[in-house]
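> give me a model of this one.
(chains A, B, C and D)
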There are 4 protein chains.
Amino acid sequence: MHPKILEYLSREVGKHDKSYGSDASTQKLHLLLADIFETEVAVFPVTTGTAANALALAAITPRCSAIACHKGAHIFTDECAAPGFFCDSSPLIPIEGKNGKIGLDSLQSICELFSENDPQCSPVKTLSITQATEHGTIYSLAELEALSNFANANDIRLHMDGARFANALVALGCSPAEMTWKRGIDVLSLGATKNGTFCAEAILFFDQELAQGFVRHLKRSGHLLSKQRFMSEQLLALLNDGLWLETANKANQTAQTIAKAISEIPNAKVWGVTEANIVLASLPIAIAMTLEKQGVWFRCGPMSPLGMCECRFVTSFETTETEVAALSAVVASLGRSSPKEISHEISRNYRWLTIS
Amino acid sequence: MHPKILEYLSREVGKHDKSYGSDASTQKLHLLLADIFETEVAVFPVTTGTAANALALAAITPRCSAIACHKGAHIFTDECAAPGFFCDSSPLIPIEGKNGKIGLDSLQSICELFSENDPQCSPVKTLSITQATEHGTIYSLAELEALSNFANANDIRLHMDGARFANALVALGCSPAEMTWKRGIDVLSLGATKNGTFCAEAILFFDQELAQGFVRHLKRSGHLLSKQRFMSEQLLALLNDGLWLETANKANQTAQTIAKAISEIPNAKVWGVTEANIVLASLPIAIAMTLEKQGVWFRCGPMSPLGMCECRFVTSFETTETEVAALSAVVASLGRSSPKEISHEISRNYRWLTIS
Amino acid sequence: MHPKILEYLSREVGKHDKSYGSDASTQKLHLLLADIFETEVAVFPVTTGTAANALALAAITPRCSAIACHKGAHIFTDECAAPGFFCDSSPLIPIEGKNGKIGLDSLQSICELFSENDPQCSPVKTLSITQATEHGTIYSLAELEALSNFANANDIRLHMDGARFANALVALGCSPAEMTWKRGIDVLSLGATKNGTFCAEAILFFDQELAQGFVRHLKRSGHLLSKQRFMSEQLLALLNDGLWLETANKANQTAQTIAKAISEIPNAKVWGVTEANIVLASLPIAIAMTLEKQGVWFRCGPMSPLGMCECRFVTSFETTETEVAALSAVVASLGRSSPKEISHEISRNYRWLTIS
Amino acid sequence: MHPKILEYLSREVGKHDKSYGSDASTQKLHLLLADIFETEVAVFPVTTGTAANALALAAITPRCSAIACHKGAHIFTDECAAPGFFCDSSPLIPIEGKNGKIGLDSLQSICELFSENDPQCSPVKTLSITQATEHGTIYSLAELEALSNFANANDIRLHMDGARFANALVALGCSPAEMTWKRGIDVLSLGATKNGTFCAEAILFFDQELAQGFVRHLKRSGHLLSKQRFMSEQLLALLNDGLWLETANKANQTAQTIAKAISEIPNAKVWGVTEANIVLASLPIAIAMTLEKQGVWFRCGPMSPLGMCECRFVTSFETTETEVAALSAVVASLGRSSPKEISHEISRNYRWLTIS
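Now for the predicted structure:
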């Protein structure tokens, strides 16, 4: 939790206000987000990213339809089937695509397979895009445009999982509007927990109609908090004065530093480009273990027969200099040797596990 | 939010610990609750009472079965059908009973109607008891025993909605164990938000077996918080040193004062006995409006043809002396006149609405 | 199964036609029902009454809303919570009312309790009316009108469970249109199995809009039959040349005969008026057992302390003269003695069980 | 509908028996299947293959878990998400694999991704195997053994979608027991509609425990028929005297004839081996259109840029000599020319569409 969050909470304790979102803090949040996104928005704070995603999807997914997402999307692999639970058992259909991004051709063939014209299947009516992706890559505005055009032409609604929204934003250097409703996004899960709040994410509807009756989705899933203003205050703390961009930027920078340090480790390989706050890399097992002993926190997949393991470093505003320094120290101690090219691709069904 | 809660949160900010409940705070909470309840318990903090109830019910309700509760229970009337949503569409069957308490005969006939022997119906396999009830009344230990015996004899699991658990506890003067697992309760929703926390309730399983795999219910409904330790800290703040009993006791005492003041208002009538932190009363409309102008917060039902309205006063640790004094002032200004007996019963389908 | 059904099935065997409802038989059924109901209808044959009811309700019940029905309605007590299962866990709210009919005042107070204005509850958006009722009584056109007006004024959709639709129709002597869409019914479960088919009921939408995408509800619940034409043929067999009215009329007449015979049994009492094909009666246990030995089929509730048992006789086109004669024989053998008036009401939570 | 089915139905009309499966026909069916499968079984007739699959899966899939199946499985692509609907929103996870068969390595990596050890995901606890597959291929007993061993080692239950069970059985020449419970299958959807019945499939449990309370799953989904005996009679008609094997064998033989005829068409290519009653082939568009004009029924996918289209011929006991002859006629008229090898694989996201 960022100290600023606590500061905002402290100011509110002892005050009285209306419950369930009719309070002044939530009203302020509403105005601030309309300002940030340069358009009228409907805003609903919730406590977790899973709730934000599943609830947002429930609002835009019609009954007896399907939701498409990248096969590595958090909603598919890491949210315990929450979308199906919230969306009246609508299925998630995984899409292929490189670097954690949805492949347009794969999307197209899935949408032909699960098409409105066939009464025997659940047609794809919703597409969920993760920005930045689980691989730490970022859809360009042009790529978002292409997905949006396809969705539009096929009567498909768009959700953006913005667990790392701010990281993508500062990396692209565009406006929040350009990355969302100007690219056809209907509803956004605006991540904040990874960026400093204790328990506050926001669901933003750019199409007000979609938010009609949405509060009942919150209520029946236990996500309507009586003391909602304390959630709104957390978000205000983060969004006011650009703190969210500052913390995201710091995390991105740290990721760059780490990527650079890793690329200097003999035999290690950084996968793809490091665009946001995630670094994917293959490390010799011995080095991975050394790093871990030095106090570097990261997640590590199963070891390969070649003595390598796939590692995922996620940085945040809290990633300490010590952790980054530990990496550099390892590099220095090892010296520089000619890295052996590692050719195996990151496994399609990759899952990161904590070393322990 | 009670100031103590903030104090505990403050101490944690800046510290690092494991996520998703593997932290030291949650461990401490676990031990503290085992101590308070004099038995081993499985503990899961959640953010709302609705989540606590619906998730607890999901854990103990088998597929294709039904849940019985009082027809005035919060889970039936005020949680937007959350239990059905969490329990694979298991229906809630409302039970009749005076003073907000489940009538044993009504329960019995419902359980005959929705019986295991009939494959055409969903048999009642779960009973939810609210302690203290929505009417502010409290089940005696003997009454709990009777319900428990019935449940036991009919292979029915018991849930306690303890939104006002502490209020009932201090009113009965018994131990937490006596009011729960010693009376056959399988799982408890331990309320805390109404008693001081910002967003922390606890689900307690007395039968460890029932908690098997329960974390997935949390996850798929978006109720597994990464920074769970901040929820555990809120609960620790409330439970340590008996703060929860203190705040509950204060609320109960204030309710008594209010009940007494109302009973002195001409033509007003307090319904039933005031046992916890709720006062139900019929007030002449003019007086209700006067109270409201004086800053007394309460909820008020539709007006009767006799010029009366049904009011519901809920007290908390935060109910101010000013509010109570306002009531007394009204009484003093009115003098004492012979109250006309009001004979109509509180409507079966009563719903409290905020005057505004 | 009525012999006429088999005759129609036989004619179809060996023929080839399109599957999943694109066949000529289904087209004929569509035209015939439009003719019978004097309006354009969307028709979907299904195999059971439970499927017809639950699917019809799914089509008209919005997410996060509730369905009201009589507390004795088949959908509440005898369909294993199918409506909640099909309607995205929407709850069924039981309504009080005499003689198996929904009480307008009870409905009104439930709709205030579960109202659109309260975001904490699931508002009632659907009302299910059983015609004829489970008690064998029949709503008059005026009573249907009153329910319809209330529904209309409160933005509530109307479903009619017509498991005994034909029995009600011949008893009222009105047209199908007068009993349905002219009284505001949006969707009808048209019963046929109890009236002669092997496995064919029909769901009829009077508002075509509501049937949009409905075929997917059928498919995802396993109710879209490839050889649908054999279901349509069953319905055609029953509906052509008024066979359905003939069989229903015969069942109603037999019920009258039975009611009269029972009323002559000393100490026996027929409850309410016998309007359709159901007779509810209190019988001395000895007589009930005698009837059973004589081969009369009926269902019997738990015995009362007074030596009586509540019996439910359901007649059909197949009820034999022998069964009716057995009743008369019992009457004749007993002679006529002064019947003792039985004063206890039919239990609120009554359930009929087969004697065995 | 096979004439034999009608014969059995006719014999039953006019008879009276108990409803909901307590009848003599269902009892006979039970005994016959126990005999055929050489073990005690629990049997539940249902009206459609989708119902059979979804209900079978509901019985063996625990809450908050996932179901794995081939990406081309009917339950994934053609049943409108019925499994998720019946299984409390449990997700279907598609598995890669050649020729319509589950690839063991792909299954393994999915089971690592969706593993019991990770509380953030729904672990795979059920595997559904289609025999014969949607491609018309057949798992050998050894292949079934391998899948079963894997499932066993990973605490995964096995379902077999036996829509073409008889076709596989006669092709393998093994016993029903060898292809099911002796290979670890827990529950079987035994297809019959494609093999002659009007509306009768059977769900068979080899582990009696799993059928506990299963009748309520039938009831709440509208699949418990009062006149169940007419379904049982359909199945008896098919299973008695080996009619089901006879009709399946005829269909398989016809498929062989068709495959041979197609292989002689210039430029045409039959995919894989034709093992059951399905032929997959690439045909020059002109020829496909000629066949269609001659009255050959088949389904055809989108045309390729090379002027070919992917066709799927499904044979049944009813496939006429005329249809087969039409194919041969085309072959004869075309003469024999050197076929150009077609190298493109059948598209992963292939869907068959009716030419019309």
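> mean confidence for the helix or strand where A:Arg312 lies?
Per DSSP states H and E, A:Arg312 falls inside strand A:308-314. Strand A:308-314 shows a mean pLDDT of 84.
> can you tell me the closest non-neighbouring residue to A:Gln294?
Among residues not flanking A:Gln294 along the chain, A:Ala326 sits closest, at 3.7 Å (Cβ to Cβ, 6 or more residues apart in numbering or on different chains). In short, each C-beta sits where N, CA and C put it, glycine included.
> so that neighbour is in which element?
Assigned by DSSP H and E, A:Ala326 falls within helix A:321-334.
> in that helix, what counts as buried?
A:323-324, A:326-327, A:330-331, A:334 (16 or more other Cβ atoms under 10 Å in any protein chain shown).
> return the member of those residues nearest to chain D.
Nearest to chain D among those, counting by Cβ to the nearest Cβ, is A:Glu323 at 23.7 Å.
> surely the residue nearest to A:Gln294 is in contact with A:Leu291?
Yes: contact criterion Cβ atoms under 8 Å: A:Ala326 and A:Leu291 qualify, at 6.6 Å.
> quick revisit: list the strands paired with the strand holding A:Arg312, with their directions.
Paired neighbours of strand A:308-314 in the sheet (DSSP bridges): strand A:278-284 (antiparallel), strand A:299-303 (antiparallel).
> ok, A:Lys18 - contacts?
Applying Cβ atoms under 8 Å, 6 or more residues apart in numbering or on different chains to A:Lys18 gives no contacts.
> all helices for the stretch 1-150 of chain A, in order.
For the stretch 1-150 of chain A, applying DSSP state H, counting those that start in this stretch gives helices covering A:3-12, A:24-36, A:49-60, A:74-77, A:82-86, A:104-113, A:141-153.
> and of those, who's closest to chain B?
Closest approach to chain B among these (Cβ to the nearest Cβ): helix A:49-60, 2.8 Å.
> the closest one near chain D at all?
No: using Cβ under 8 Å from any Cβ of the partner chain, helix A:49-60 never reaches chain D; the gap is at least 8.8 Å.
> can you check stretch A:97-105 too?
No: using Cβ under 8 Å from any Cβ, stretch A:97-105 never reaches chain D; the gap is at least 9.8 Å.
> for A:Ser263, give me the pLDDT.
Listed pLDDT for A:Ser263 reads 88.
> for it, which non-adjacent residue is closest in space?
Counting by Cβ to Cβ, 6+ apart, A:Val270 is the residue found nearest to A:Ser263 once chain neighbours are left out, at 5.2 Å.
> ok, now how distant is the one you found from chain C?
Between A:Val270 and chain C the computed distance is 45 Å (Cβ to the nearest Cβ, to the nearest Å).
> next, find the distance separating that residue from A:Gly136.
Distance, A:Val270 to A:Gly136, using Cβ to Cβ, to the nearest Å: 10 Å.
> now list whatever residues contact both of the two.
The contact sets of A:Val270 and A:Gly136 overlap at A:279-280 (Cβ under 8 Å, 6+ apart).
> what's opposite the residue in the stretch 151-300 of chain A positioned nearest to chain D in the beta bridge?
Relative to chain D, the nearest point of the stretch 151-300 of chain A is A:Arg299 (11.8 Å; Cβ to the nearest Cβ). In this entry, A:Arg299 is beta-bridged to A:Arg312, by DSSP bridges.
> hmm, A:Glu310 and it touching each other?
No: the criterion here is Cβ under 8 Å, and A:Arg299 misses it with A:Glu310 at 9.3 Å.
> higher neighbour count, the two?
A direct count of neighbours by other Cβ atoms under 10 Å in any protein chain shown for A:Arg299 and A:Glu310 places A:Glu310 higher, at 24 against 14.
> for chain A, which residues score under the pLDDT cut-off?
Applying pLDDT under 70 to chain A flags residues A:295, A:297, A:300-305, A:334-356.
> tell me which parts of it are close to chain D?
Counting by Cβ under 8 Å from any Cβ, the residues of chain A lying close to chain D are A:64, A:66, A:77-81, A:84-85, A:88-92, A:94, A:106, A:109-110, A:112-115, A:118-122, A:302, A:347-351.
> mind redoing it with 7 Å?
Those residues of chain A that sit near chain D, judged by Cβ under 7 Å from any Cβ of the partner chain, are A:64, A:66, A:77-78, A:80-81, A:84-85, A:89-92, A:94, A:109-110, A:112-113, A:120-122, A:347, A:349, A:351.
> for A:Arg183, grab the count of nearby residues.
A:Arg183 sits with 23 neighbouring residues when counted by other Cβ under 10 Å.
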